[in-house]
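**Student:** for reference, the sequence and a predicted model appear below.
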Amino acid sequence: MESESITGMMAVLALQLGIIIFAVRFFGRMAKKIGMPQVLGELIAGVIIGPYLLGSLHLPGFPHGVFPLGEGSLAVSNELYAVASIASIILLFASGLETDIGLFLRYSTAGGIIGLGGAVVSFAAGALAGALLLNASFADPRCLFMGILSTATSVGITARILSDHKKMDSPEGVTILAAAVFDDVLGIIALAVVLGIVAMLTGGQDVEGLKANAILIIAGKAFGIWLGFTALGLIFSKKIAGFLKLFKNASDFSVLALGVALLLAGVFEKQGLAMIIGAYIAGLSLSKTDIAIVIQERIRGVYEFFVPVFFAVMGMMVNVRELVSPTVLIFGAIYTGAAIVSKVIGCGGPALLLGFNVKGALRIGNGMVPRGEVALIIAGIGITSGIINQQLFAVVILMTLITTLAAPPLLSASLKLAGSGTRNPVKGADSASMDWEFSSREIADLVINKLLDDLRKDGFYIQVMNIDEGLSQARKDDIVLSIYENDNVVTIETAKADMPFVKRAVYEVVVELSVTIQKLRDSADPFNLKMILLDEDGRTREDLLSLITAECTTVALKGETEEEIIGELVDMLAAQGKIHNKETVLKDIWEREHGMSTVMEYGIALPQAKSDGVDDLAVAVGVKKEGVDLKAFDGGKTWLFILSVAPNKKESPYLELLTSIDTIVADEPTRNAVHFAPTAEVAARLLRTGERRSKERRKDHSSSLTKK
């Protein structure tokens with residue numbers, strides 16, 4: 001009976017996760033389309049499908065709903081919250097992995113001071129607002145948690161706004177991005193300290209009885225544990241990485257690195273601190289090692305699966321009735337106002353002392369306004385531990401939503417103010433921009449990846465703001481580079497004085513890649529490569545071969561050269577409305593031909609390309625019975641031309657189409673039959689079905705008639 005109950009629980013969990021995955025993808029995509037951060041879409045998805053809205057609807061087999069209201073302080077099941085807890089560990093491990101604390105301390109002094117100012121003032125404002133509204137002591141755990149929740153800044157949305165305004169490499173932009181990372185680090189430290197105080201309170205000590213020196217002792221102990229583990233992690237980071245690399249395979253040591261994060265998370269939870277602190281330290285410890293980038297890439301799939309589930313579960317825990325209640329709305333408005341003002345003052349004040357004027361200080365303060373992932377994780381810890389209730393949790397969600405939505409117009413308005421944001425002219429204030437247009441997005445990707453790798457080796461700190469949108473920043477000393485990728489165009493912004501450095505860096509990247517590609521060409525024997533392509537035992541897809549039609553087939557090619565013949569085939573496709581830009585298609589086909597000729601053996605040529613000149617897969621066939629000499633490697637004349645074109649920016653089974661064509665033309669009876677086909681209809685049918693296969697079908701049909 002027990003095993004059946006466990007099986008039933010696991011079945012429900014599997015169903016819940018499936019629904020969540022579809023919901024977060026849909027709402028996350030919708031949020032991005034209207035210019036909102038994806039995380040807000042995932043949060044809203046959880047609210048909608050959660051137990052306080054659609055999740056509790058009675059359905060067949062689910063009398064209490066697919067997402068029934070949980071017991072105690074949890075609004076969801078223990079199993080689902082456990083998955084969300086694992087997700088929070090992965091999220092903070094990845095955050096730590098992306099943070100190089102050494103380089104930040106070395107090159108971002110202003111960012112550190114401003115981040116510290118913002119964290120201290122916003123913590124004090126949040127805790128004070130909680131104390132006034134809850135009529136409680138400042139040291140009350142609820143107030144301390146409200147203080148922590150007010151500190152963390154979400155850098156993603158700020159980076160996007162700075163990018164849109166071309167201000168990533170401005171003094172304000174660099175300072176905001178550096179300060180935001182310090183904010184997260186300081187928020188983690190504050191959480192460790194507050195959890196130490198909470199542990200003392202839950203041990204029987206009341207709030208009023210806590211004296212200042214006792215609080216300092218508790219805070220010192222919690223801070224000491226955090227600092228000790230962090231120091232040990234950074235000191236032994238290379239040894240840890242060396243141990244992980246003993247497992248050779250990148251997938252193996254990446255999974256084991258995640259295992260280290262889980263181990264530390266468990267240790268910290270057992271010590272009365274939060275699991276996410278241990279996970280963050282694990283990531284931070286490995287951030288300076290040579291395997292950090294590999295681990296980030298390898299765990300990306302796990303990250304993409306788990307982390308949106310975490311945000312959805314946080315949304316599910318929002319009591320919608322509480323969220324719209326007058327008490328929460330009033331408290332939320334005051335708390336949100338304090339959160340916004342405290343960031344503007346806490347970050348803008350120190351900025352005024354570090355060479356920024358009022359405009360610059362306002363820009364920095366507004367850029368630090370949006371709250372994000374860390375705040376939601378800490379809120380989850382607060383509600384599950386019983387420190388904050390549903391009302392306070394709803395207040396935090398409201399604050400997160402409003403600050404995230406308010407940040408873009410606030411920052412955009414301050415960036416539009418005319419004039420420099422610094423008192424004195426600085427290097428970054430007079431910026432320059434340069435574009436490099438490459439022949440394809442693939443080449444642009446290669447250039448970006450190689451450039452970032454070279455800059456990293458040169459001592460630059462690389463911060464990838466948004467992988468999907470191709471936005472990165474590199475910093476070293478007072479050199480700041482903002483790097484954008486838009487399709488096949490790479491744009492780099494920096495100070496005018498540093499543009500020669502950028503030109504040299506890109507030039508060296510292009511030269512190195514050119515040498516590498518030439519070595520690839522030299523080592524790749526076209527004869528051997530082509531010999532293995534034509535294999536009659538390969539798979540074919542009849543739906544793809546159906547693209548070969550009589551309307552786009554001719555058995556009487558007129559051209560005498562490869563250029564003329566390919567032109568005829570493209571004209572056929574254009575006449576049938578298969579392409580919308582003939583010149584683009586021809587250009588792309590010839591670029592592909594110049595890379596490596598598609599003239600094969602057995603009299604076959606398979607010209608092909610991906611092109612923006614088509615919207616869907618298109619195939620044209622031409623037969624020139626007498627053939628033409630195109631220097632085929634078997635010495636024969638080329639008589640069969642099958643041209644394939646695929647859309648460049650749209651998913652399509654292009655390789656499967658090419659493989660199907662390879663398989664068909666590898667069949668000698670089919671080739672012979674096509675060579676002497678009397679009409680386009682016959683040639684197209686033979687290529688769709690294959691002569692040998694047609695004979696086998698006719699033979700099978702005759703056998704069945706004989707049996708009958």
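**Tutor:** Ah, there it is.

**Student:** C-alpha only now, for contacts and for neighbours.
**Tutor:** Will do.

**Student:** any low-confidence regions in the stretch 101-250 of the chain?
**Tutor:** 101-108, 155-157, 159-160, 163-164, 166, 168-169, 199-223 (pLDDT under 70).

**Student:** at 90 instead, please
**Tutor:** Confidence mapping of the stretch 101-250 of the chain against pLDDT under 90 gives the ranges 101-116, 118-119, 130-250.

**Student:** quick one, helices of it?
**Tutor:** Secondary structure of the stretch 101-250 of the chain, counting by DSSP state H, counting those that start in this stretch: helices at 101-107, 109-134, 141-149, 155-164, 171-202, 212-235, 237-245, 250-270.

**Student:** closest to Val47 out of the ones you listed?
**Tutor:** helix 141-149 (19.8 Å; C-alpha to C-alpha).

**Student:** quick one on the thing from earlier: so which of the helices of the stretch 101-250 of the chain is the most surrounded?
**Tutor:** Between those, helix 141-149 has the highest mean count of neighbours, a mean of 27, where neighbours are mean count of other C-alpha atoms under 10 Å.

**Student:** now do it: which elements does it pack against?
**Tutor:** helix 109-134, helix 171-202, helix 373-384 (3 or more C-alpha pairs under 8 Å, 6 or more residues apart in numbering; DSSP states H and E).

**Student:** could I get these as CSV with distance to Lys496?
**Tutor:** What follows is the helices and strands packed on helix 141-149, written out as CSV (distance: least, C-alpha to C-alpha, whole Å):
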stretch, distance to Lys496
helix 109-134, 22
helix 171-202, 14
helix 373-384, 36
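
**Student:** between these, which one is closest to Phe460.
**Tutor:** helix 171-202 (13.6 Å).

**Student:** distance from the chain centre to that closest one, please.
**Tutor:** 24 Å (C-alpha atoms, centre = their mean, to the nearest Å).

**Student:** again, but for stretch 558-575
**Tutor:** Worked out by C-alpha atoms, centre = their mean, stretch 558-575 lies 43 Å from the chain centre.

**Student:** any buried residues in that stretch, and which?
**Tutor:** Buried residues in stretch 558-575, counted by 16 or more other C-alpha atoms under 10 Å: Glu562, Ile565, Ile566, Glu568, Leu569, Val570, Asp571, Met572, Leu573, Ala574.

**Student:** looks like Gly70 contacts Val76 (just checking).
**Tutor:** Yes. Between Gly70 and Val76 there is a contact at 4.6 Å, judged by C-alpha atoms under 8 Å.

**Student:** in terms of neighbours, single out the busier of the two.
**Tutor:** Neighbour count, other C-alpha atoms under 10 Å: between Gly70 and Val76, Val76 has more, with 20 against 13.

**Student:** next, give phi and psi for that one.
**Tutor:** phi -120, psi 170 (degrees, to the nearest 10).

**Student:** which residues touch it?
**Tutor:** Residues in contact with Val76 (C-alpha atoms under 8 Å, 6 or more residues apart in numbering) are Pro51, Phe67, Pro68, Leu69, Gly70, Val313, Met316, Met317.

**Student:** which of these sits closest to Phe236?
**Tutor:** Of the contacts of Val76, the one sitting nearest to Phe236 (C-alpha to C-alpha) turns out to be Val313, at 35.6 Å.

**Student:** assign that closest one to helix, strand or coil.
**Tutor:** Three-state call for Val313 (DSSP: H, G, I helix; E, B strand; the rest coil): helix.

**Student:** gap between the closest residue to it other than its chain neighbours and Thr158?
**Tutor:** The shortest distance from Val313 to any non-neighbouring residue, by C-alpha to C-alpha, 6 or more residues apart in numbering, is to Gly46 (5.8 Å). The spacing between Gly46 and Thr158, counted by C-alpha to C-alpha, to the nearest Å, is 24 Å.

**Student:** for Met399, same thing?
**Tutor:** The value you get for Met399 to Thr158, if C-alpha to C-alpha is used, is 17 Å.

**Student:** hang on, the earlier thing: sec struct for the residue nearest to Val313, please.
**Tutor:** helix.

**Student:** where does it land on pLDDT?
**Tutor:** pLDDT recorded at Gly46 is 91.

**Student:** roughly how far is the one helix or strand Ser95 maps to from the heart of the chain?
**Tutor:** For Ser95, the element it lies in under DSSP states H and E is helix 78-97. Put simply, helix 78-97 sits 17 Å off its chain's centre (C-alpha atoms, centre = their mean).

**Student:** what's the angle between that helix and helix 373-384?
**Tutor:** Inter-element angle recorded for helix 78-97 and helix 373-384: 150 degrees (by axes from the mean of the first three to the mean of the last three C-alpha atoms, to 10 degrees).

**Student:** extract the C-alpha set from helix 78-97 and format it as CSV.
**Tutor:** This file holds the C-alpha atoms of helix 78-97, laid out as CSV (Å, rounded to 0.1, in the frame of the first residue of the first chain):
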residue,chain,number,x,y,z
ASN,A,78,6.7,18.8,-0.4
GLU,A,79,7.9,17.0,-3.5
LEU,A,80,7.4,20.0,-5.8
TYR,A,81,9.1,22.3,-3.4
ALA,A,82,12.0,19.9,-3.1
VAL,A,83,12.5,20.2,-6.9
ALA,A,84,12.3,24.0,-6.5
SER,A,85,15.0,23.8,-3.8
ILE,A,86,17.3,21.8,-6.1
ALA,A,87,16.6,24.5,-8.8
SER,A,88,17.6,27.3,-6.4
ILE,A,89,20.9,25.5,-5.7
ILE,A,90,21.6,25.2,-9.4
LEU,A,91,20.8,28.9,-9.9
LEU,A,92,23.1,30.1,-7.2
PHE,A,93,25.9,27.7,-8.2
ALA,A,94,25.7,29.1,-11.8
SER,A,95,25.7,32.7,-10.4
GLY,A,96,28.8,32.0,-8.4
LEU,A,97,30.4,30.3,-11.3
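
**Student:** give the other helices and strands that that helix contacts.
**Tutor:** helix 250-270, helix 275-286, helix 292-298, helix 300-316.

**Student:** make a markdown table out of those helices and add distance to Ala119.
**Tutor:** Below are the helices and strands packed on helix 78-97 laid out as a markdown table (distance: least, C-alpha to C-alpha, whole Å):
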| stretch | distance to Ala119 |
| --- | --- |
| helix 250-270 | 23 |
| helix 275-286 | 17 |
| helix 292-298 | 28 |
| helix 300-316 | 23 |
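
**Student:** among those, which is nearest Ala87?
**Tutor:** Nearest of the helices and strands packed on helix 78-97 to Ala87, taken as C-alpha to C-alpha: helix 300-316 at 4.9 Å.

**Student:** ok, and for the very next helix or strand once past that closest one, which residues are buried?
**Tutor:** Sequence-wise, the next helix or strand downstream of helix 300-316 (DSSP H and E) is helix 320-323. When burial is assessed from 16+ other C-alpha under 10 Å, helix 320-323 yields the following buried residues: Val320, Glu322, Leu323.

**Student:** what angle do whichever helix or strand comes after helix 320-323 and helix 171-202 make?
**Tutor:** Where DSSP H and E defines the elements, the next helix or strand beyond helix 320-323 is helix 326-353. If you take the same axes, to 10 degrees, helix 326-353 sits at 130 degrees to helix 171-202.

**Student:** now helix 326-353 against helix 109-134, angle please.
**Tutor:** Going by the same axes, to 10 degrees, helix 326-353 makes 150 degrees with helix 109-134.

**Student:** counting by contacts, list what helix 326-353 packs against.
**Tutor:** The helices and strands touching helix 326-353, judged by 3+ C-alpha pairs under 8 Å, 6+ apart, are helix 109-134, helix 358-367, helix 390-415.

**Student:** tell me the buried residues in it?
**Tutor:** In helix 326-353, counting by 16+ other C-alpha under 10 Å, buried: 328-329, 331-352.

**Student:** same check, this time on stretch 446-455
**Tutor:** Val447, Ile448, Lys450, Leu451, Leu452, Asp454, Leu455.

**Student:** let me see the contact set for the first one.
**Tutor:** When you say that, I think you mean Val447. Val506, Val509, Val510, Leu513.

**Student:** kind regards, and thank you for your time.
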